[in-house]
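**Student:** next comes the sequence, and after it the predicted model I'd like to discuss.
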Amino acid sequence: MDGPEGVLIVLGGSSGIHRRLLCLTLLGVTACSGNVSQNDPGVVASVNGRELSITDLEEVEPPGGTKSNTGQNSRAGLDALIDQELLAQQAVAGRLDRDPAVADALRRARRRILAEVFAERMIYPREPPSPAQVEEYYRNNPTLFEKRRAYSLAVFTVEAAKVNEKLLAAVGRANSAHTLQRLLDSHLIPFDAQRLSRTAEELPMSQLAHYASAHVGDVLVSGRGDGRMQFIQILGIEAQPTTLERAKPVIERYLTQLHNEAAMGDHLARARAEARISYGQAAMQTHLYHLTAPAATGSALAEGGLNREAAGAALN
């Protein structure tokens with residue numbers, strides 16, 4: 001079940017990419033060949049004359065496994081890379097790279113990698129956020145840093161159609177989760193209940209001011225937009241401030257993401273204005289050509305593309 005969201009009412013590495021692109025372009029598989037000597041420090045193995053590099057080892061993902069099980073310093077990772085290369089060579093020998101489905105997948109991968117390389121090298125700002133920008137963001141968002149708080153919450157999710165003004169007024173007087181639960185029961189309103197712990201960066205930016213001004217016992221009402229709403233009781237509040245020095249890496253990543261998104265938006269606006277774009281029959285039949293992208297929703301820092309788990313770990 002999702003956590004609190006919606007509108008609140010308070011009641012009370014580019015070199016690796018380049019190598020993969022070169023492999024896809026020249027060979028159609030994730031294997032590269034070359035004339036590099038086995039004494040080359042960048043080569044970790046050679047399979048039937050095709051060298052495998054340190055970058056290949058860092059990127060390998062074994063069949064049925066994950067990258068976390070391998071790695072540059074792992075013998076298991078090297079064995080997985082060699083096995084992958086053997087399978088890729090056999091696929092090419094069996095002309096599987098000419099299978100229409102495989103060819104389409106390679107074409108899509110080529111397009112994605114080219115777009116990523118172009119963005120990294122030609123669009124995204126090369127300069128990182130300045131110390132002044134980092135400090136300005138820190139000072140302008142005290143609820144995320146200097147006055148950061150952690151909240152213990154009781155969340156009751158109900159059908160919005162069953163909620164009326166009389167119930168809302170009564171909810172505003174409920175000063176405990178038990179009282180709120182009995183109130184919903186007395187109005188014969190079914191609900192899903194859960195206990196949550198949330199820090200400031202895990203909450204939507206639009207809600208931070210409401211949480212920052214809330215006290216223990218307050219109830220916040222959140223509209224979900226899916227026909228349901230949530231009554232969020234504040235059970236506990238703990239101050240967890242973080243210093244500028246500790247917050248710097250998080251803020252730098254966040255501002256970098258914002259700068260990248262702004263640069264990409266400006267570039268694509270110009271590129272679309274200059275390009276000739278037409279929509280095919282499939283798009284028109286499904287009305288894709290006039291759909292707008294949904295508004296982004298997420299946690300205060302994750303709204304800018306920053307992973308909330310990483311942010312929480314860095315700030316704690």
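**Tutor:** That came through fine.
**Student:** my guess is residue 195 meets residue 156, correct?
**Tutor:** No. The pair residue 195 / residue 156 is not scored as a contact, 10.8 Å apart, by C-beta atoms under 8 Å. To be clear about C-beta, it is placed using only N, CA and C from the backbone, and glycine gets the same treatment.
**Student:** and the two? which has more neighbours close in?
**Tutor:** More crowded of residue 195 and residue 156, by other C-beta atoms under 10 Å: residue 156, with 22 against 11.
**Student:** list the buried residues of the longest helix along the chain.
**Tutor:** Looking across the chain with DSSP state H, the single longest helix is helix 244-274. The neighbour-count check on helix 244-274 (16 or more other C-beta atoms under 10 Å) flags 247-248, 250-260 as buried.
**Student:** would you reformat those as CSV and include pLDDT and distance to residue 47?
**Tutor:** Shown next, in CSV, are these (pLDDT from 0 to 100; distance: C-beta to C-beta, whole Å):
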residue, pLDDT, distance to residue 47
247, 95, 46
248, 96, 44
250, 94, 42
251, 96, 44
252, 97, 40
253, 95, 37
254, 94, 42
255, 96, 43
256, 97, 38
257, 95, 38
258, 95, 43
259, 97, 41
260, 97, 37
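**Student:** and these, which is closest to residue 123?
**Tutor:** When the buried residues of helix 244-274 are compared for distance to residue 123 (C-beta to C-beta), residue 260 wins out at 7.8 Å.
**Student:** name the nearest residue to the closest one, sequence neighbours excluded.
**Tutor:** residue 124 (4.7 Å; C-beta to C-beta, 6 or more residues apart in numbering).
**Student:** phi, psi of the one you found?
**Tutor:** phi -70, psi 140 (degrees, to the nearest 10).
**Student:** with residue 231 instead?
**Tutor:** phi -100, psi 120.
**Student:** tell me how many other residues crowd it.
**Tutor:** Count around residue 231 with other C-beta under 10 Å applied: 29.
**Student:** just residue 197 next, same as before
**Tutor:** Residue 197 has 13 neighbours, counted by other C-beta under 10 Å.
**Student:** list the contacts for it?
**Tutor:** Residue 197 makes contact with 150, 151, 152, 153, according to C-beta atoms under 8 Å, 6 or more residues apart in numbering.
**Student:** just the buried ones from the residues you listed?
**Tutor:** The buried subset of these - by 16+ other C-beta under 10 Å - is 150, 151, 153.
**Student:** now pLDDT and secondary structure too, for these, in a markdown table please.
**Tutor:** As requested, the buried ones among the contacts of residue 197 are exported to a markdown table (pLDDT from 0 to 100; DSSP: H, G, I helix; E, B strand; the rest coil):
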| residue | pLDDT | secondary structure |
| --- | --- | --- |
| 150 | 96 | strand |
| 151 | 97 | strand |
| 153 | 96 | strand |
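**Student:** got JSON lines for these, with distance to residue 134 too?
**Tutor:** Shown next, in JSON lines, are the buried ones among the contacts of residue 197 (distance: C-beta to C-beta, whole Å):
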{"residue": "150", "distance to residue 134": "23"}
{"residue": "151", "distance to residue 134": "26"}
{"residue": "153", "distance to residue 134": "30"}
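**Student:** looking at these, which is nearest residue 236?
**Tutor:** Closest to residue 236, out of all of those and judged by C-beta to C-beta, is residue 151, at 7.1 Å.
**Student:** give the bridge partners for the closest one, please.
**Tutor:** On the basis of DSSP bridges, residue 151 is bridged to residue 198, residue 237.
**Student:** now do residue 50
**Tutor:** residue 47.
**Student:** that one touches residue 86, doesn't it?
**Tutor:** No. Residue 50 is beyond contact range of residue 86, at 10.1 Å (criterion: C-beta under 8 Å).
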